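>>> okay, sequence plus prediction incoming.
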Amino acid sequence: MTAYCYLDPQAADTGLESLEYEEPVFPEEQGAAPRQLDFYGHSIPPLERTLRRQLARYFITQGLQPDWYIPLPSNAQPYQDFRHTQRREELPCLIAAGPRHFAQPDFRQRWANVFAPLPSIPMRPELISAEFADPEDLFRVYGSACWIMLLDRERLGSRPEPKGWADLFNPRYQGEIILNGEQGLPNAMLLGNLAKDFGPAALETLGRNTKAIQGGGEMARAAGSRHPQRAAIYVLPWFWAENNIHSERTARLWPEEGAYGSPLTLLGQKHLSPGAQAAFDFLTGPRWARQMEDIHCIAAHRQHARLPLPGPLRWIGWDLARSNQLDALLAQAGHSFKRGYQA
């Protein structure tokens, strides 16, 4: 059973740009059982609905009807645990996600003979410098989101503007930092990057300096608003920093150590189905690269990247992503942060 796409027949011969249709309807969202998927993918929240629509359009133009699924954050969906499955037939042919879970030793060892390197793509130099390329060549990075800072200059007052991540631990900014997260918890990988660079114990100081934890949209509206609950420093995705609505009173800061990247990766089985191959081609192609760059998400393909980044990138790295220590580091970072935040 495939995802259903409603297509205007009169637009079918006019090319990819002009096809018009309603958002695809996935059987899983209508109560159906899980399927054996050609492609399963996540993207960053601002792009997930767009990816569902554009990939459905692309499959149609390629004459394909694969089994595929891209969940939305608000959807209860049945594929949360396939990374723990013991059954090969439950594995998608191609997976688009961050490396946090699928790079872990238990998953890689269990399916060592199932997944294989995907076709290579020429990577942009900023990602090469930040060592985004998988040294084992199993995961293919096709893009990255990243966190930067947004400064409320009026709220900072006479205090010096921070220059990088190390400044978040300075007591001069106590109660003046808002971190990206949800449900009262900072993003785990944001804390993980900070813990790797500065040690888990330093996160307690960051907790004391943190005023609130908010989603990116709320932060983009609050910075520079002169609302009494605003803060001086916001740590948020680049997309939301660029969409700040009070830009005359704010400034974007690309941390001097490098913006913390969140790689978008592809993991594929040895033999890709036609639908999986088409999804790979789309995600690594020029159209999706333009879509990512239009919202300040980083396209990895050197030939499709239009502009250089404002500064360097950094991330936890493949050694940690592949180790059994990552979950322990994230847990320790979370506990340290809570001690300071709840003090």
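Good, I have the coordinates. For clarity, every value in this text was computed on a predicted model and none was experimentally measured.

>>> hey, where'd the helices end up in the stretch 201-343 of the chain?
202-209, 216-222, 238-242, 274-283, 286-294, 318-321, 325-341 (DSSP state H, counting those that start in this stretch).

>>> list the buried residues for the first one?
It stands for helix 202-209. For helix 202-209, burial by neighbour count (16 or more other CB atoms under 10 Å) applies to Ala202, Leu203, Glu204, Thr205, Leu206, Gly207, Arg208, Asn209. Just so you know, the C-beta spots here come from the backbone N, C-alpha and C atoms, and that holds for glycine as well.

>>> now the second one
Taking 16+ other CB under 10 Å as the neighbour-count basis, helix 216-222 is seen to contain the buried residues Gly216, Glu218, Met219, Ala220, Arg221, Ala222.

>>> ok, the last one next?
By neighbour count, and taking 16+ other CB under 10 Å as the criterion, the buried residues in helix 325-341 are Leu326, Leu329, Leu330, Gln332, Ala333, Gly334, Ser336, Phe337, Lys338, Gly340, Tyr341.

>>> same check, this time on stretch 85-92
Applying 16+ other CB under 10 Å to stretch 85-92 flags Glu90, Leu91, Pro92 as buried.

>>> could you list the low-pLDDT ranges of the stretch 201-343 of the chain?
Scanning the stretch 201-343 of the chain for pLDDT under 70 picks out no residues.

>>> can you get me a residue count around Gln36?
Counted with other CB atoms under 10 Å, residues neighbouring Gln36 total 10.

>>> and for Leu72?
Residues near Leu72, counting by other CB under 10 Å, number 12.

>>> how much space between it and Leu51?
10 Å (CB to CB, to the nearest Å).

>>> cool, Asp319 as well?
Distance of Asp319 to Leu51, given as CB to CB: 30 Å.

>>> the two: which is more packed in?
A count of neighbours by other CB under 10 Å puts Leu51 above the other of Asp319 and Leu51, at 21 against 11.

>>> ok so the more buried one is a strand residue?
No. Counting by DSSP: H, G, I helix; E, B strand; the rest coil, Leu51 falls outside a strand, being helix.

>>> Thr205 contacts Asp167, doesn't it?
No. Thr205 is not in contact with Asp167 according to CB atoms under 8 Å; the separation is 11.5 Å.

>>> thinking again about what came up before, would you mind giving the buried residues of stretch 85-92 as CSV with pLDDT and secondary structure added?
CSV is the format used below for the buried residues of stretch 85-92 (pLDDT from 0 to 100; DSSP: H, G, I helix; E, B strand; the rest coil):
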residue, pLDDT, secondary structure
Glu90, 89, helix
Leu91, 93, coil
Pro92, 95, coil
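
>>> helix or strand for Asp106, which one?
helix 105-110 (DSSP states H and E).

>>> what's the following helix or strand after that helix?
Downstream of helix 105-110, the next assigned helix or strand under DSSP H and E is strand 115-116.

>>> who touches that next one?
Residues outside strand 115-116 that contact it (CB atoms under 8 Å, 6 or more residues apart in numbering): Arg108, Leu138, Leu267, Gly268, Gln269, Lys270.

>>> got a markdown table for those residues, with neighbour count and distance to Arg314 too?
Below are the contacts of strand 115-116 laid out as a markdown table (neighbours: other CB atoms under 10 Å; distance: CB to CB, whole Å):
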| residue | neighbour count | distance to Arg314 |
| --- | --- | --- |
| Arg108 | 16 | 24 |
| Leu138 | 20 | 22 |
| Leu267 | 25 | 23 |
| Gly268 | 26 | 27 |
| Gln269 | 19 | 31 |
| Lys270 | 10 | 32 |
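
>>> tell me how the protein divides into domains.
If you go by automatic domain parsing, the domain ranges for the chain are 4-144+261-315, 146-259+328-341.

>>> what residue lies at the spatial centre of the protein?
Ile44 (4.4 Å; CA atoms, centre = their mean).

>>> which residue is the nearest non-sequential neighbour of it?
Take Ile44 and drop its neighbours on the chain: the residue closest to it by CB to CB, 6 or more residues apart in numbering is Ala145, 4.8 Å away.

>>> for that neighbour, grab the count of nearby residues.
Ala145: 25 surrounding residues under other CB under 10 Å.

>>> pretty sure it contacts Pro45?
No. Using CB under 8 Å, Ala145 is not in contact with Pro45, being 9.5 Å away.

>>> sorry, back to before: winner for burial among the domains of the chain?
Comparing the domains of the chain by mean neighbour count (mean count of other CB atoms under 10 Å), domain 146-259+328-341 ranks first with a mean of 19.

>>> picking up where we left off before, distance to Arg124 added to the helices of the stretch 201-343 of the chain, as TSV?
Formatted as TSV, those follow (distance: least, CB to CB, whole Å):
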stretch	distance to Arg124
helix 202-209	31
helix 216-222	24
helix 238-242	15
helix 274-283	15
helix 286-294	10
helix 318-321	18
helix 325-341	25
